[in-house]
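# the amino acid sequence is not available; the structure is as follows:
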């Protein structure tokens with residue numbers, strides 16, 4: 001860089017690249033796992049992303065599957081739909 005400073009969570013990007021990388025996540029625009037996951041697994045994953053505990057995520061998945069009438073598709077891979 002020609003001048004200036006940049007920090008991530010108080011760590012200099014010039015001096016603490018390894019420490020910064022440990023704190024950052026990667027969120028691709030395309031998730032390569034989704035086509036291999038079932039409808040139920042996909043709903044559960046997003047429920048967990050939203051912060052629901054596992055038991056509550058499972059209940060929420062079942063509620064959505066019931067309300068949206070996805071029962072015949074819940075074990076299908078999303079990539080096959």
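The structure has been received and is ready for your questions. Predicted, not measured: the structure shown is a model, and the values here were computed from it.
# do you have the helices of the chain handy? List them.
Secondary structure of the chain (DSSP state H): helices located at 17-23, 39-49, 54-67.
# deepest-packed of the ones you listed, please.
When the helices of the chain are scored by mean count of other C-beta atoms under 10 Å, the highest mean neighbour count falls to helix 39-49 (a mean of 17). In short, each C-beta sits where N, CA and C put it, glycine included.
# report the angle between it and helix 54-67.
Relative orientation of helix 39-49 with respect to helix 54-67: 130 degrees, computed using axes from the mean of the first three to the mean of the last three C-alpha atoms, to 10 degrees.
# list the contacts of helix 39-49.
The contact list for helix 39-49 (C-beta atoms under 8 Å, 6 or more residues apart in numbering) reads 34, 37, 54, 56-58, 60-61, 64-65, 70, 73-76, 78, 81.
# the helices of the chain: which one's closest to residue 29?
Distance to residue 29, taken as C-beta to C-beta, is lowest for helix 39-49 among the helices of the chain, at 15.4 Å.
# one step back: in JSON lines, list the helices of the chain along with distance to residue 10 and mean pLDDT.
JSON lines is the format used below for those (distance: least, C-beta to C-beta, whole Å; pLDDT from 0 to 100):
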{"stretch": "helix 17-23", "distance to residue 10": "10", "mean pLDDT": "87"}
{"stretch": "helix 39-49", "distance to residue 10": "26", "mean pLDDT": "94"}
{"stretch": "helix 54-67", "distance to residue 10": "33", "mean pLDDT": "97"}
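# quick one: the spatially most central residue of the chain from residue 25, how far?
Nearest to the mean C-alpha position of the chain, counting by C-alpha atoms, centre = their mean, stands residue 49 at 5.4 Å. From residue 49 across to residue 25, the span is 11 Å (C-beta to C-beta, to the nearest Å).
# could you do residue 78 as well?
Using C-beta to C-beta, residue 78 is found at 22 Å from residue 25.
# settle it for me: which of these two has more neighbours?
In this view residue 78 and residue 25 are compared by other C-beta atoms under 10 Å, and residue 78 has more residues nearby, 16 against 4.
# now do the more buried one against residue 48, distance only.
Counting by C-beta to C-beta, the gap from residue 78 to residue 48 is 16 Å.
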